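*Asks:* Okay, here's the prediction I keep looking at, along with the sequence it came from:
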Amino acid sequence: MKKMLVYGLFLISISSCKKDVSTQIESSVIKDKTIAWMISKKTNVTSLQSATIDSVVKNLNWDVVSFDQINDSLKSVFIPVYSNEIKGLTVLYNASNQSIDTGNLVLIKSIDAKDPINHINIYNPNLPPNFTGTISVFSVHNEFESKLGVVNGRKIYKAEIRSKKYKETIENKNLNKKTNNIECIEHYLVTTYNDGSQDWIFLGQTCSNSIGCETTTINQIANESFIKISSCTGGGSGPGTPGYAEAIYDAELQAFEKYYRDKMSELEKDIFDNEMNFVQKVYYLKNAQLAKIAAEAQFPTSLYNGKGDAYRHALFVAMNAKDLGPDLAKRMADAHELRIVQGEFLSPEMDKRNNLIGISIYDYLKTLPIDYTSYVGMLHVLINEKLENGDFWIISNLDPYGKETNLSQLIKSNEKQ
């Protein structure tokens, strides 16, 4: 009996050793295949793209590699880049033929994560339930592909670059010359939220008659900033560009202005009419409109004194803090709460507290490196997280129309309403 027990333990020991050796051999194969695959990506590329590959390969930390088994043959492998951030190379290893099927550079930004995340399998549609932050995905040449905003494992938005083609005819007045047909491609950063709404930011355009220009973006994975977006003419349709306020002050926003003025307090109207210039007024109205649409889409059943109400106030104030400055944003928010509505006693206090949280979110985002694709996208992430964590205020025991009752109290946003 003792001999059989010893023999059994010996077999277990041998099996364990074989497994360790097998894992080491596979890890060695994955490393060799990954480096060879990366080097193969230097074919027919620019000098900057080739330099990016060299920089990434040189800085990969093979001592801390994470593996995620996807199925019997496919395995996701995350190799971090030496850095104080969570960034690295993720490849999809196929064990059946010992090859690398695909790969991407990944930058992970965790926001107030309760548990540290050292890697994320981007090839798995299910994200860690404890992760809140952003996941940026790049090609191995460091070209931006997409960015996800996540709250507790739930996708809030996805940003990606999209292009539109159009043709333009330029007539040549010289009768001996032909008319030029120019084909252009406009590049946009499109952020799509889980409510279906979108932000389109114009990045630039390339045209068939131009030599092309390069605009460096602010995202980076390797030690050098090699991420480029080819563009010919920049700007033209984003906040801060000449004519932007005039362009968005359309019939729809003008109609919204009439609706919103009825909800303004007298002091709010006075500041709006006499102290704000045209551009500031347009930003203020547009932000109010966007906050209303977003809240209605995400919280259709709690728009009055509930989570939707808190969400709308924080989003509106935080957008105003960026576009108008925090001082004017707070003045307008405080002035708005002076409006007297019959039967509302707790609501003004709830709104004031949530407005301050909106300002605090703006202050927090100012301390971060500006590497997120969309300020509004980051607001969506942070506000949703804070709502779930109980940082906002709502009102309990409401009537079926969302109005206060004698039993109503101010409670935290994660408490039962």
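*Replies:* Perfect, I can see it now.

*Asks:* in the stretch 151-300 of the chain, which spans are helices?
*Replies:* For the stretch 151-300 of the chain, the helices defined by DSSP state H, counting those that start in this stretch occupy 244-248, 251-261, 266-274, 278-298.

*Asks:* Residues contacting the second one, please?
*Replies:* This means helix 251-261. Identification of contacts with helix 251-261 by C-beta atoms under 8 Å, 6 or more residues apart in numbering yields 269, 282, 285-286, 288-289. To be clear about C-beta, it is placed using only N, CA and C from the backbone, and glycine gets the same treatment.

*Asks:* okay, which residue is most central for this protein?
*Replies:* By C-alpha atoms, centre = their mean, the chain has its centre lying nearest to Gly149, at 4.1 Å.

*Asks:* That one pairs with what?
*Replies:* Thr134, Tyr157 (DSSP bridges).

*Asks:* residues in contact with it?
*Replies:* 133-134, 155-159, 377-378, 380-381 are the contacts of Gly149 under C-beta under 8 Å, 6+ apart.

*Asks:* can we see that at 7 Å?
*Replies:* For Gly149, the contacting residues are 134, 156-157, 377-378, 380-381, by C-beta atoms under 7 Å, 6 or more residues apart in numbering.

*Asks:* Quick one: which of these has the lowest pLDDT value?
*Replies:* Confidence by pLDDT is poorest for Gly377 among the contacts of Gly149, given 76.

*Asks:* Quick check on the closest residue to Glu344 other than its chain neighbours: phi, psi?
*Replies:* Counting by C-beta to C-beta, 6 or more residues apart in numbering, Glu404 is the residue found nearest to Glu344 once chain neighbours are left out, at 6.4 Å. Main-chain dihedrals, Glu404, degrees, to the nearest 10: phi -70, psi 150.

*Asks:* contacting residues for Glu404?
*Replies:* Here Glu404 is in contact with 305, 343-347, 395, 398 (C-beta under 7 Å, 6+ apart).

*Asks:* which one among these gets closest to Leu324?
*Replies:* Proximity of the contacts of Glu404 to Leu324 was ranked by C-beta to C-beta; the top entry is Ser347 with 23.8 Å.

*Asks:* what's around the closest one, how many residues?
*Replies:* For Ser347, the neighbour count with other C-beta atoms under 10 Å is 20.

*Asks:* wait, what's in contact with it?
*Replies:* Residues counted as contacts of Ser347 (C-beta under 7 Å, 6+ apart) are 305, 395, 404.

*Asks:* can I get these in JSON lines with distance to Ser163?
*Replies:* As requested, the contacts of Ser347 are arranged in JSON lines below (distance: C-beta to C-beta, whole Å):
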{"residue": "Asn305", "distance to Ser163": "44"}
{"residue": "Ile395", "distance to Ser163": "47"}
{"residue": "Glu404", "distance to Ser163": "50"}
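
*Asks:* just checking, Asp351 touches Glu337?
*Replies:* Yes. In this structure, Asp351 is within contact of Glu337 by C-beta atoms under 7 Å, at 5.4 Å.

*Asks:* So which of the two has more stuff around it?
*Replies:* Asp351 (24 against 17).

*Asks:* And the nearest residue to Asn126 once chain neighbours are set aside, how far from Thr192?
*Replies:* Leaving out its chain neighbours, the residue that sits closest to Asn126 by C-beta to C-beta, 6+ apart is Gly153, at 7.6 Å. Look at Gly153 and Thr192: by C-beta to C-beta, to the nearest Å, they are 18 Å apart.

*Asks:* Same question for Asn104.
*Replies:* 20 Å.

*Asks:* between the two, who's got more neighbours?
*Replies:* The residue with more neighbours, out of Asn104 and Thr192, is Asn104; 19 against 15, by other C-beta under 10 Å.

*Asks:* Going along the chain, name the strands of the stretch 1-150 of the chain.
*Replies:* With DSSP state E, counting those that start in this stretch as the criterion, the stretch 1-150 of the chain has strands at 66-69, 74-80, 86-94, 99-110, 133-138, 144-151.

*Asks:* Out of those, which gets nearest to Leu60?
*Replies:* It's strand 74-80; of the strands of the stretch 1-150 of the chain, that one is closest to Leu60 (C-beta to C-beta) at 4.8 Å.

*Asks:* Listing partners with orientation, what would you give for that closest one?
*Replies:* Here strand 74-80 is paired, per DSSP bridges, with strand 66-69 (antiparallel), strand 86-94 (antiparallel).

*Asks:* Tell me which of those strands is the most buried.
*Replies:* With neighbours defined as mean count of other C-beta atoms under 10 Å, those peak in mean count at strand 86-94, which reaches a mean of 21.

*Asks:* Report the beta-bridge partners for the closest residue to Gln198 other than its chain neighbours.
*Replies:* Leaving aside its chain neighbours, Gln198 sits nearest to Thr192 (5.1 Å; criterion: C-beta to C-beta, 6+ apart). Legend: beta-bridge partners of Thr192 under DSSP bridges are Lys158, Gln198.

*Asks:* how about Thr192, what does it touch?
*Replies:* By C-beta under 7 Å, 6+ apart, the residues touching Thr192 are 157-158, 198.

*Asks:* Okay, now the unreliable bits of the chain?
*Replies:* In the predicted model, the chain carries pLDDT under 70 at residues 1-25, 112-116, 166-182, 205, 207-244, 368-374.

*Asks:* sorry, back to before: quick one: which of the contacts of Glu404 is nearest to Asp323?
*Replies:* Taking the contacts of Glu404 together and measuring to Asp323 by C-beta to C-beta, the closest member is Ser347, at 25.5 Å.

*Asks:* How is the chain partitioned into domains?
*Replies:* Following automatic domain parsing, one gets these domains for the chain: 24-231, 244-412.

*Asks:* distance between the ends of stretch 387-406?
*Replies:* With C-alpha to C-alpha, to the nearest Å applied, stretch 387-406 spans 25 Å between its terminal residues.

*Asks:* Hmm, I typed the wrong one, I wanted stretch 75-87.
*Replies:* End-to-end distance for stretch 75-87, by C-alpha to C-alpha: 19 Å.

*Asks:* Go ahead and name everything in contact with it.
*Replies:* 30, 56, 59-62, 64-70, 88-93, 95, 106-108, 110, 117-119, 121, 123-124, 221.

*Asks:* How far does that stretch sit from its chain's centre?
*Replies:* In terms of C-alpha atoms, centre = their mean, to the nearest Å, the centre of stretch 75-87 is set 20 Å apart from its chain centre.

*Asks:* Then stretch 284-295?
*Replies:* Using C-alpha atoms, centre = their mean, the offset of stretch 284-295 from its chain centre is 19 Å.
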